[in-house]
Structure formats: C-alpha cells, structure tokens
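> Can you look at this prediction? I've put the sequence above it.
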2 protein chains.
Amino acid sequence: MAQVRRAPLADQAAELLLERIRSGEWRLGEKLPGETTLAPQLGVGRSTVREAIRQLAGRGVLASRQGSGVFVTALDAPEDWDAVLRRAGIISVIEARIAIESEAAALAAARRTPADLRAIRRALARRAEHRFDIETHVDADTVFHRTIVAAAHNPVLIELFDTFTPRLREAMIDMLRIRKEFGGDSDHAAHAQLADAIAARDEVAAAERSRAHLLTLRDGLA
Amino acid sequence: MAQVRRAPLADQAAELLLERIRSGEWRLGEKLPGETTLAPQLGVGRSTVREAIRQLAGRGVLASRQGSGVFVTALDAPEDWDAVLRRAGIISVIEARIAIESEAAALAAARRTPADLRAIRRALARRAEHRFDIETHVDADTVFHRTIVAAAHNPVLIELFDTFTPRLREAMIDMLRIRKEFGGDSDHAAHAQLADAIAARDEVAAAERSRAHLLTLRDGLA
DNA sequence: ACTGCTCTGCTTGTCTGAGGAGTTGGCTCG
DNA sequence: CGAGCCAACTCCTCAGACAAGCAGAGCAGT
C-alpha cells in the first residue's frame, strides 16, 4: 500500500498530467485535450482539472488561452534548486561556490569600479567589527564576499552566489560553533589580501586568494 | 490606456497575493485568511481564489492543508533560471560556464575513475569524427565537456552545466557558421591536452587548459 | 479568384451552491 | 486534572450555468 491517498486529487491529477507530458504524449507547443475531455479521462471533475492545470501553469509547464485551449510550454518542470542543494551535501555546494567565487574574484579585479572598491573596503571593515557573535559574523562575512561577486558585474554569477549562500549559512555557523575560534587576525589578513589584490587589478592573485580561503572552509566542513 | 491584453482574473489574483506576501503582510509559515474571506476581499469568486492559490502553490510560494488552512512556504517565487539566462546575455553565461567547468576539470583530475577516463576518451574520439556538420559537431563537443564535469562527481556542478549549455548551443552554432572554420587540428589538440591532463591527475594543468579553451570561445562570441 | 463578413461550435473563464473530509480547540464528563 | 467527544472551521470536490474569446466554415460581394 502506497499511502492512504494523502495527496489531494488536484495534485494527483497534476502529477499524472506532468507524467504524460514527460512521456512525450504531446509535443512542445501542442494543445492538450479540452478540460471537458480531460476530466472524465482522469476521473475527476472539471474544476479539479482546472486546478491541476493552474498548478502546472505556475511551474511553467502549461499555458492556457481562453477560447483556444491549453498548450505545452515546457516538456518538464525546471529543476528545483532548493531540492538539488538539499540533496547534494555541503561539500558539493561549497565546491560550486569555490568555482563561481574564484572566477568572480578574477573578473572583479579586471572590472571593479571605484564605487565597487569602496563597497568592498566598507564590507571588510564591518566584517572586522563583528567578530564576537557567530551569526552576525557569518552574515557580515557573506556580505563581504557578495560585494566582490557584485564587482564582477555578471548577473549570472551574482544570482548563483545568492542561490548557494543561504544553504551554507547554517553549516558555517555550526562549524564555527564547534571550532570556537573565528574572526582571528590571520583570517582577517587573508580577506584583506583578497581585497588588495582586487584593488591592484591582479586577476591571478585575486582568484588564488579567494580559492585558498574557501578551500580551508571546505576542509573545515568535511 | 493600460493595455489591450487582459489577464485572467485568477492570474491577477495570484499576482496580487504574491505582492502582499512580498510586502510582508504574512510571515513565513503563517496562515492566510480562508478562501471565503479572501474571495470578497479580492473581489472574485471562491474558485478563482482557489486557482490563484494553486498557481502559487505550483511556484512553491504557498501550500494548503485540508482542514487547516493555506500557509506561506516562501516569501518570494524562486528566480526562474531560464529567465535569468535569457536576460543575462551570452557573455555572462559563458563566464559562468568557465567558472564551473575549469573548477570541474581540476576536481575531475583528482577524482576521475578509470570508467570516467574511458568515457572521456570515447567522447573525444566521437568529437573528432563529427567535424563536418556544425550542429552535430557542437553537440558532440558538449557531450565531451559534460563527461569531464561528470568525472568531478559533484551533482551541483553537473546540474549547473546542464542548465547553461542549452542556452549556449545556438550561440555556438551561430558563431561557427560565421567563422566557417571549426574542428581543426589545433582545436582538437587543445581538447586532447585537456583529456591528457585529467588522465595524468594534473589538477592545475586541467583547470588551465579548460579555462584557456573556453576563454577563446568567449572572445569569439564577444 | 479573392476579400471580407457573419455565424456557429468549441474552448477556457468565472461564479454559485452543495456536500465531503480533515483539523483544531473548547467543552463536558468521569 | 485528564480523556474523549463535539462543533466550528478549514480546504476539497463536484455539478451546473453562463460569459468571453477563438477559429474555421460558409456565404456574399467584388
């Protein structure tokens, strides 16, 4: 026995439709049978079919046009990044962060404007101030790293950074709580060197420093 | 004059609700007013409210539990990556690909199994065969690069790769069509060197080769 | 033969009313 | 004070009705 029908009919109908779409029953852009046809086919009422269609419309799979019909706009629901990141494990996430952030550091060194540099320096100072409360320190650290990614002027990279950091926040807090030592002088010096490399437009050094710092973070979490 | 295009009431209602959620009217995990309360508040019928809720449920913002109520599960709809990539421009996308792929190449050099290596070599051979039809060549090239990312054994990186490449496919095809020259000996040699570096477990060289190759691609698209 | 019109059937959109099913919190009773 | 019942509330599902919009068939005029 699977489950005692915990899921509402509308959800089941949506899942069933998605399954049939995935199987290739209708091509991209093709029209689905009408609601009045689909309802008895799925064994539910028309309102239920409509709610299932709405659900898939919210996920970007279907689009309905009044008077015309319901059309397939995607052959599959886009991967849910939250789910991917939950499944993946912290190490994989931080490796992805290393990838984007070291590249972003190099780009930042090449492209940073004076305003970017001011923001980086300011974030670095705030990061140094908040060295007593763990959560506050982690957040200040994240803000600092974000200013660097922002200085790369690449919307994809900044979006990736924002996708990954929430997942890492808790793990970092836990790690620091165990180590009982953070925000020390050597840690601050490493970050200051990163900022200096970007200020000096030294792409190689910026990538290197960023990478080295995050690798220690990864090994701390392993 | 607003617009000729009229959105269905249910869509308008969904947008309105999302707006109120974003504004912080209800906190994360909090319960929304009942359908019978919401309907006159939004000036629509109950079934329309239900369809709006379903739509937001499909986007992961709301979740409804029978007998209990409708609850906020996210304060905002997750960014749609397709939209981000469309907006971002090819250069930004390929820079993101450089970031993940050069890092993946280094990880692949460290972690590749014999099976990974066989897959890489096989993909390299197929890539060399298909050097006459542009589309086929681009697809074979993508498969080759994907085997490398797969050898890094990091689910986040492979997912990122799969997210980016569809967006790049057309751009690469267009570029090669203009240049009228592809799959040459030097191009093939560069890929072979990348495969060799991974075979030799040389992390630095693998990252370097991958990066250099993709940079020429970026500059070709600029 | 071509153009432009209307008419018609089919589609989705919206509302209402009626029960069914599940949850919650208070109330009664031991 | 605790256990069990119960009533009010919630969402879930259905059926029916009518409105609004689209697309193609058919027709009339040029």
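Received the coordinates, thanks. Because the structure is a prediction, the values reported are computed rather than measured.
> Now the residue located most distally from the centre of chain A: phi and psi?
Relative to the centre of chain A, and counting by C-alpha atoms, centre = their mean, the farthest-placed residue is A:Pro40 at 39.9 Å. Phi and psi for A:Pro40, reported as degrees, to the nearest 10, are phi -70, psi -30.
> residues contacting it?
By C-beta atoms under 8 Å, 6 or more residues apart in numbering or on different chains, the contact set of A:Pro40 is empty. To be clear about C-beta, it is placed using only N, CA and C from the backbone, and glycine gets the same treatment.
> Are there helices or strands packed against the helix or strand hosting A:Asp11, and which ones?
Using DSSP states H and E, A:Asp11 maps to helix A:9-22. When contacts are defined as 3 or more C-beta pairs under 8 Å, 6 or more residues apart in numbering or on different chains; DSSP states H and E, helix A:9-22 sits against helix A:35-42, helix A:46-58.
> Of all the ones you listed, which one comes closest to B:Thr113?
B:Thr113 lies closest to helix A:46-58 among the helices and strands packed on helix A:9-22, at 39.1 Å (C-beta to C-beta).
> what's the following helix or strand after that closest one?
strand A:62-65.
> Contacts for that next one, please.
Counting by C-beta under 8 Å, 6+ apart, A:Leu17, A:Leu32, A:Ile53, A:Leu56, A:Ala57, A:Val70, A:Phe71, A:Val72, A:Thr73 sit against strand A:62-65.
> tilt between whichever helix or strand A:Ser102 is part of and helix B:90-111?
According to DSSP H and E, A:Ser102 maps onto helix A:90-111. Put simply, helix A:90-111 runs at 130 degrees to helix B:90-111, going by axes from the mean of the first three to the mean of the last three C-alpha atoms, to 10 degrees.
> And helix A:90-111, how far out from the chain middle?
14 Å (C-alpha atoms, centre = their mean, to the nearest Å).
> would a markdown table of the helices and strands packed on helix A:9-22 with distance to B:His188 and mean pLDDT be doable?
Output for the helices and strands packed on helix A:9-22, formatted as a markdown table (distance: least, C-beta to C-beta, whole Å; pLDDT from 0 to 100):
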| stretch | distance to B:His188 | mean pLDDT |
| --- | --- | --- |
| helix A:35-42 | 52 | 95 |
| helix A:46-58 | 44 | 96 |
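> CSV please, covering the ones you listed and showing distance to DNA strand C.
Formatted as CSV, those follow (distance: least, C-beta to the nearest atom of the strand, whole Å):
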stretch, distance to DNA strand C
helix A:35-42, 4
helix A:46-58, 6
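> quick one, which of these is packed in tightest?
Mean neighbours per residue, mean count of other C-beta atoms under 10 Å in any protein chain shown, is largest over those for helix A:46-58, with a mean of 23.
> who in chain A is up against DNA strand D?
A:8-10, A:39, A:43-48, A:51, A:65-68 (C-beta under 7 Å from any atom of the strand).
> between the residues you listed, which is closest to B:Ala192?
Nearest member of the residues of chain A next to DNA strand D to B:Ala192, counting by C-beta to C-beta, is A:Arg65, at 51.3 Å.
> same for the helix holding A:Ser102, what does it pack against?
When contacts are defined as 3+ C-beta pairs under 8 Å, 6+ apart, helix A:90-111 packs onto helix A:134-151, helix A:155-179, helix A:185-199, helix A:203-221, helix B:90-111, helix B:155-179.
> Tell me which residues touch A:Leu28, please.
A:Val72, A:Thr73, A:Ala74, A:Leu75.
> List only buried entries from the residues you listed.
A:Val72 (16 or more other C-beta atoms under 10 Å in any protein chain shown).
> Dump the contacts of A:Leu28 to JSON lines, plus secondary structure, distance to A:Arg169 and pLDDT.
Listed next are those as JSON lines, based on DSSP: H, G, I helix; E, B strand; the rest coil; distance: C-beta to C-beta, whole Å; pLDDT from 0 to 100:
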{"residue": "A:Val72", "secondary structure": "strand", "distance to A:Arg169": "38", "pLDDT": "95"}
{"residue": "A:Thr73", "secondary structure": "coil", "distance to A:Arg169": "34", "pLDDT": "92"}
{"residue": "A:Ala74", "secondary structure": "coil", "distance to A:Arg169": "31", "pLDDT": "89"}
{"residue": "A:Leu75", "secondary structure": "coil", "distance to A:Arg169": "34", "pLDDT": "87"}
